[in-house]
Structure formats: C-alpha cells, structure tokens
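Trainee: Mind looking at a prediction? Sequence and model below.
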Amino acid sequence: MYYLAKIAQATGLTIILVEYIRKFPNLMSPRIFGVGILVFVFGWVINQFLLKK
C-alpha cells in the first residue's frame, strides 16, 4: 500500500510536469492540472490516513 501511495504521488507530479513542459509558452490545461492534483492527493490521502501507525 505504501508503494501504491508513492507511485500515485509521483504520477500526479509527472502529469503536471509533462503538461507544463508540453505547453510551455502558454498556460497548461486546467483539466489536466486538476487530474494531476487529484492523482497526487489520492496518493497523499493513502499515505496520511490509511498508513497511519
């Protein structure tokens, strides 16, 4: 479960980074940004609340 959380966080950040680089002179799509944030938050929630010791 720990690795799933970290992979989700890394995937969310990667989505944001790739979209930022792909659309560099212009702004990135708000929909793609939102998807990246949601994936990252999903991993963060798993890490913070489901893996509490």
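Mentor: Arrived safely. On a predicted model such as this, the values are computed, not experimentally measured, just so you know.
Trainee: Distance of the nearest residue to residue 11 once chain neighbours are set aside relative to residue 12?
Mentor: Spatial nearest neighbour of residue 11, excluding adjacent residues (C-beta to C-beta, 6 or more residues apart in numbering): residue 39 at 5.4 Å. C-beta here means a position set from N, CA and C on the backbone, and glycine is covered the same way. Separation of residue 39 from residue 12 (C-beta to C-beta, to the nearest Å) stands at 4 Å.
Trainee: Same question for residue 29.
Mentor: Counting by C-beta to C-beta, the gap from residue 29 to residue 12 is 15 Å.
Trainee: If you count surrounding residues, which of these two has more?
Mentor: Neighbours were counted for residue 29 and for residue 12 using other C-beta atoms under 10 Å; residue 12 has more, 20 against 12.
Trainee: and the closest residue to residue 2 other than its chain neighbours, how many neighbours?
Mentor: Using C-beta to C-beta, 6+ apart and skipping the chain neighbours, the partner closest in space to residue 2 is residue 51 (6.0 Å). Residue 51: 11 surrounding residues under other C-beta under 10 Å.
Trainee: Who are the packing partners of whichever strand or helix holds residue 7?
Mentor: Residue 7 is part of helix 2-22 when elements are defined by DSSP states H and E. Where contact means 3 or more C-beta pairs under 8 Å, 6 or more residues apart in numbering; DSSP states H and E, helix 2-22 is packed against helix 30-45.
Trainee: helices or strands next to the helix it packs on in the packing?
Mentor: Using 3+ C-beta pairs under 8 Å, 6+ apart: helix 30-45 touches helix 2-22.
Trainee: average pLDDT for the helix it packs on?
Mentor: In this model, helix 2-22 has a mean pLDDT of 93.
Trainee: Output that helix as CSV, restricted to C-alpha atoms.
Mentor: Output in CSV follows, covering the C-alpha atoms of helix 2-22 (Å, rounded to 0.1, in the frame of the first residue of the first chain):
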residue,chain,number,x,y,z
TYR,A,2,2.9,2.3,0.7
TYR,A,3,4.3,1.9,-2.8
LEU,A,4,0.9,2.5,-4.3
ALA,A,5,0.7,5.8,-2.5
LYS,A,6,4.1,6.9,-3.6
ILE,A,7,3.5,5.8,-7.2
ALA,A,8,0.3,7.8,-7.2
GLN,A,9,2.0,10.9,-5.9
ALA,A,10,4.8,10.6,-8.4
THR,A,11,2.3,10.1,-11.2
GLY,A,12,0.4,13.2,-10.3
LEU,A,13,3.6,15.3,-10.2
THR,A,14,4.7,13.8,-13.5
ILE,A,15,1.4,14.6,-15.2
ILE,A,16,1.7,18.2,-14.1
LEU,A,17,5.4,18.4,-15.2
VAL,A,18,4.8,16.9,-18.6
GLU,A,19,1.9,19.1,-19.4
TYR,A,20,3.8,22.2,-18.2
ILE,A,21,6.7,21.3,-20.5
ARG,A,22,4.5,20.4,-23.4
